[in-house]
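K.L.:
fold the following.
(2 chains)
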Amino acid sequence: MKTKLSKKEMQHRIAARAAKELKGPCVVNLGIGIPTLIPEYLQDENIFLHTENGLLGVTDVEEEDMDPNLVNAGKLPVGEAVGAAYFHSSDSFAMIRGGHVDVAVLGVLQVEQTGIIANWAVPGKNIMGVGGAMDLLVGAKKVIVTMSHTSKDGKSKLLKECTYPITSTRSVDMIITELAVFKVADKQMQLVELMPGVTIEEVREKTEADFIEMHEERG
Amino acid sequence: MSKIKQDVQETLSCVKSGHTVLVGGFGLIGAPLTLIDGLTKRDVSDLTIVSNNLGESGKGLGILLNQNKIKKGIGSYFTSNRDVGDKYQRGEIDLQLLPQGTLAESLRAGGAGLGGYYTTTGVGTKLAEGKEEREIDGVRYVFEKAIRADVALIRAHKADTLGNVVYYKTARNFNPLMASAAKTVIVEVDEIVEPGELNPEAIATPHLYIDHIVKAAHILTKEGVVHS
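P.N.:
Next up, the predicted model:
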């Protein structure tokens, strides 16, 4: 069986699953792309969202309250939560590198079977933006990756080895795609969960990376 | 002599060809749009611009880029203006990509009189190639040089006439760091007030960092950049 989802359905499925991993009290940094959808699925008021452009206490904003000078790292309008604090970029990254951010949720271009990711450059293309990704990889206590399982042309984005420049020598802790959830332990990917309606055969077929199967079969 | 300047063009005469210029902002947010506009009207070239992004396509620093006045860009995220990548592919601009935290900390170090510092960020990646590495307490670090510049162009919310500055929400970003790391610092603000009107506890950039103050004429609104 093949999983057919629209891009929006796929992104929301991944974001909703990632939200389940976040339990307060904790400070979470959300990256650009799918991670920006996660706040819709958060219930716990003890989850404090940090954005590297200088705000701890990010919340959703209604259209009429949007402020062009109040944005997240993706430059999208956000709101200011009760108890929010602003700071400059150096303080913001001191918080990140200094180990004060509990979880980072990032988008990636590729992930390899050791959990090492590539998300800042494609040789020969106009993608030349590292932003805060390298800092988050060295500093956040836990790193979760949210990504589509395959590229537009159907190729696996979970590889034996990254072909794009890597973001850090540190492995991420968890990988969530529209098909499955993987944990990374001892530089090895472990399949721990299949998304609803997805078969292990489909995951095997669409995954180039080697992984250990530790998921429980669903009845 | 008063730090308040009416003539943006004259104030920008401190920017010379070949200079390194720090420009505040995260994209257009917190970018000194009035000073950038002023710079697009000046006859300068071969600038090295230190800014998180080089604006957006045709906006902010994107205009200066399209005028071929920028020789080199130092920043963390050039993807948001595709003209930067196009110019780079054609060999028309030098780029130095730094992790965003490294860009910020290098500016902080530059302003704080340090030569550089060691960071774990980037170790083992392409961005650490050619940089000195050292192990401290069993952890690998890479050496990053401080950044200092000739001129800083920054954006703030209010300044008093002495040059004490407060910022507005996420428009703060790199501005306070850049205010510390250049020989000449020009700030553009929404409002200029008398000393004593700003809460001393809220001043993020004290007046000793600021040389010139101008009133903002180009403002970022929901509808985009507006000339007031």
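K.L.:
keeping just the C-alphas, turn the helix ranked longest in chain A into PDB.
P.N.:
When chain A is parsed with DSSP state H, its longest helix is helix A:7-20. This file holds the C-alpha atoms of helix A:7-20, laid out as PDB (Å, rounded to 0.1, in the frame of the first residue of the first chain):
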ATOM      1  CA  LYS A   7       1.600  18.400   1.000                       C
ATOM      2  CA  LYS A   8      -0.500  20.200   3.700                       C
ATOM      3  CA  GLU A   9      -1.800  16.900   5.100                       C
ATOM      4  CA  MET A  10       1.700  15.500   5.300                       C
ATOM      5  CA  GLN A  11       3.100  18.600   7.000                       C
ATOM      6  CA  HIS A  12       0.300  18.700   9.600                       C
ATOM      7  CA  ARG A  13       0.600  15.000  10.300                       C
ATOM      8  CA  ILE A  14       4.300  15.400  11.000                       C
ATOM      9  CA  ALA A  15       3.800  18.600  13.100                       C
ATOM     10  CA  ALA A  16       1.000  16.900  15.200                       C
ATOM     11  CA  ARG A  17       3.200  13.900  15.900                       C
ATOM     12  CA  ALA A  18       6.200  16.100  16.800                       C
ATOM     13  CA  ALA A  19       4.000  18.100  19.200                       C
ATOM     14  CA  LYS A  20       3.300  14.900  21.200                       C
END
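K.L.:
can you pull the buried residues of it?
P.N.:
Neighbour-count burial for helix A:7-20 flags A:10-15, A:17-19 (criterion: 16 or more other C-beta atoms under 10 Å in any protein chain shown). Backbone N, C-alpha and C define where each C-beta goes, glycine included.
K.L.:
which one of the residues you listed is nearest chain B?
P.N.:
residue A:11 (19.3 Å; C-beta to the nearest C-beta).
K.L.:
nearest residue to that closest one other than its sequence neighbours?
P.N.:
Using C-beta to C-beta, 6 or more residues apart in numbering or on different chains and skipping the chain neighbours, the partner closest in space to residue A:11 is residue A:34 (5.0 Å).
K.L.:
where along chain A do the helices fall?
P.N.:
Using DSSP H, helices in chain A cover A:7-20, A:89-97, A:133-139, A:200-206.
K.L.:
which elements pack onto the first one?
P.N.:
In other words, helix A:7-20. Where contact means 3 or more C-beta pairs under 8 Å, 6 or more residues apart in numbering or on different chains; DSSP states H and E, helix A:7-20 is packed against strand A:142-146, strand A:174-176.
K.L.:
distance to residue A:134 for the buried residues of helix A:7-20 - can I get that in a markdown table?
P.N.:
Compiled in a markdown table, the buried residues of helix A:7-20 are given as follows (distance: C-beta to C-beta, whole Å):
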| residue | distance to residue A:134 |
| --- | --- |
| A:10 | 27 |
| A:11 | 24 |
| A:12 | 28 |
| A:13 | 28 |
| A:14 | 23 |
| A:15 | 23 |
| A:17 | 25 |
| A:18 | 21 |
| A:19 | 25 |
